[in-house]
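Novice: One predicted model, sequence on top.
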Amino acid sequence: MALLPVWGQSGDYFIPFRLLLLSRMIERETSRDLSRFSVTVAEWRVLSQCCSMGSSSAAEICAAFEADRAEVSRAVAGLLKAGLIQREPDSSHRQKMRITPTDAGWEIFEGVRVMRDAYFNEILQDLDPDERKAFNAALHSIAVRVDEQRTLRAKPAEATDHAD
């Protein structure tokens, strides 16, 4: 399958556009790989968060992946039904539930992680360690700038007229 024509376009505008397209391409491959384990991308995000970071709330998962509550809720429901996670009350907050993986969830996590590590090594094989470090630093710089812009846009406009 050939790359889309946009990859040949030049100019600063096409850099973030190509990042978006690359992200979608990787997500589609991720979805295809995860189907072997009978989990969706959203379910994988929930499971990987709980396995990597420990017991998590749905709100923490939403924040970690910039996901909406409905997406995380559907993923949690699917993982509960499959017996891959369990929900327990948070000891410090009665209304909050903590999500933790079951033994079966850990097995899926380990299997997917091995497969995804191999995939990521494959797609990054043309970058030497210094290029990977520079690429990661560039992505971090872009993410910081996006976050700054998002923060600025979220602030309510301050009134310029002040009545005495």
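Specialist: That came through fine. Worth saying up front: this structure is predicted, and the values here are computed from it rather than measured.

Novice: From now on I want contacts and neighbour counts done on CA atoms only, so please keep to that.
Specialist: OK.

Novice: Show me the shaky parts of this protein.
Specialist: Within the chain, the stretches with pLDDT under 70 are 1, 157-164.

Novice: What helices and strands are in contact with the longest strand seen in it?
Specialist: Ranked by residue count and defined by DSSP state E, the top strand of the chain is strand 93-101. Applying 3 or more CA pairs under 8 Å, 6 or more residues apart in numbering; DSSP states H and E, we find strand 93-101 packed against helix 41-53, helix 58-65, strand 85-90.

Novice: again, only using 6 Å
Specialist: strand 85-90 (3 or more CA pairs under 6 Å, 6 or more residues apart in numbering; DSSP states H and E).

Novice: What residues sit buried inside the strand it packs on?
Specialist: 85, 86, 87 (16 or more other CA atoms under 10 Å).

Novice: In the chain, where's the longest helix?
Specialist: Among the segments of the chain that qualify as a helix by DSSP state H, the longest is helix 129-154.

Novice: just checking, what packs against it?
Specialist: Looks like helix 129-154 contacts no helix or strand (3+ CA pairs under 6 Å, 6+ apart).

Novice: Work out the gap between that helix and the centre of the chain.
Specialist: Relative to the chain's own centre, helix 129-154 is displaced by 15 Å; criterion: CA atoms, centre = their mean, to the nearest Å.
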